[in-house]
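K.L.:
Provide a 3D model corresponding to the input given below.
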Amino acid sequence: MSGAREEGVRDTLSRHGLHASRERGQNFLRDDAVAERLVRHAGVSDADAVIEIGPGLGVLTRALAARARAVTAIEIDAGLVRALRADAALPPAVSLLHADALEVDLRGLAERLGRPVRVVANLPYAISSRLLRRLLDLADVLADWSVMLQREMAERVVAPPGTRDYGSLAVLHALRVRAAGSLEIGPGAFFPVPRVASRFLRLVPIAAALAPGELEAVERVARAAFGQRRKTIANALRAGLRPGVEPEALAAALAAAGIDPRTRAEAQPPERFLALARALPGAGLPARRP
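P.N.:
Below is the predicted model:
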């Protein structure tokens, strides 16, 4: 099964009675040369085990298998799993797992595969933020992760303070990983052709002085602070932290973190959100969103 031409992807889908699901945001990589570029950019070597999320029709999977010692591909779509198995489209080094990546025990899988482990993923927009958040919690067991994202989502991940795209997602990533470069991938590399450009972003864990639970605390504070972007950070936190934090405690925490309460959230660098989370009374933090 060739992934190099659009006709090959069309024929494969048609032969198995499949179509690209708009609901799942499916746009299948169809270009073998692009797949090889992505694998090189991800830094995959023969020492690595790779967890691939969203193999689609297997174009990137095969390129990964040509370099890695083992690949575990996680695919939620039963029709695609059936097609991949029926066509014997994947090399012996690939284990195909029919599952939802949001529900798989990725930590346990990574530990069973043995280090080094990398994640490579082509993420549909609908689940990208949730899966990116999950990967941050695995920074201690992964060498890195490389993810294909819509360009606007990639910009939200790496946005610096003071910009329109800067928000809680950028704060969390800045505290846990560094971006080791990105590749711009044009719409023509996919079928069906998406209306937007994509970006393949490689994220490498950094040595972060975060205690257990602190990333979750930063997430709660940052979500509250960015929840009403036009308000001052003090007013946004008062509105967003439920049950409420006493005004005196909030004022003291902002002062301890070096944050002017009259500024807005986008003016604050990530380390100040960490300082604020450490200074705020724990009882005032809202329950974490699923």
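
K.L.:
Please count neighbours and contacts with C-alpha atoms only from this point.
P.N.:
Noted.

K.L.:
What helix or strand is the residue nearest the centre of the chain located in?
P.N.:
Central residue check for the chain by CA atoms, centre = their mean: the C-alpha nearest the mean position is that of residue 132, 2.4 Å away. Assigned by DSSP states H and E, residue 132 belongs to helix 125-136.

K.L.:
What of residue 121?
P.N.:
Going by DSSP H and E, residue 121 is in strand 117-122.

K.L.:
so that strand versus helix 125-136, what angle?
P.N.:
Taking axes from the mean of the first three to the mean of the last three CA atoms, to 10 degrees, one finds that strand 117-122 is oriented at 170 degrees with respect to helix 125-136.

K.L.:
what's in contact with strand 117-122?
P.N.:
Strand 117-122 is contacted from outside by 42, 44, 48-55, 110, 141-149, using CA atoms under 8 Å, 6 or more residues apart in numbering.

K.L.:
Now do that strand, average pLDDT.
P.N.:
For strand 117-122, mean pLDDT rounds to 96.

K.L.:
May I have that strand as CSV, with CA atoms only?
P.N.:
Included here for strand 117-122 are C-alpha records, laid out as CSV according to Å, rounded to 0.1, in the frame of the first residue of the first chain:
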residue,chain,number,x,y,z
VAL,A,117,11.0,6.1,24.5
ARG,A,118,9.7,8.8,22.2
VAL,A,119,6.2,9.7,21.3
VAL,A,120,5.3,10.7,17.7
ALA,A,121,1.7,11.8,17.1
ASN,A,122,-0.5,13.3,14.4
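
K.L.:
That strand pairs with which strands, and in what direction?
P.N.:
Taking DSSP bridges as the criterion, strand 117-122 sits next to strand 49-53 (parallel), strand 144-150 (parallel) in its sheet.

K.L.:
What helices and strands are in contact with the helix holding residue 132?
P.N.:
For helix 125-136, the packing partners by 3 or more CA pairs under 8 Å, 6 or more residues apart in numbering; DSSP states H and E come out as strand 144-150, helix 168-176.

K.L.:
Identify the residues contacting the nearest residue to residue 94 once chain neighbours are set aside.
P.N.:
Excluding its sequence neighbours, the residue lying closest to residue 94 (CA to CA, 6 or more residues apart in numbering) is residue 71, at 4.7 Å. Residues near residue 71 by CA under 8 Å, 6+ apart: 49-52, 61, 64-65, 93-95.

K.L.:
Please state the backbone phi and psi of the residue lying closest to residue 151 once chain neighbours are set aside?
P.N.:
The shortest distance from residue 151 to any residue other than its chain neighbours is 4.8 Å, reached at residue 198 (CA to CA, 6+ apart). Per-residue torsions, residue 198: phi -120, psi 160 (degrees, to the nearest 10).

K.L.:
so what's residue 198 bridging to?
P.N.:
Under DSSP bridges, the beta-bridge partners of residue 198 are residue 150, residue 185.
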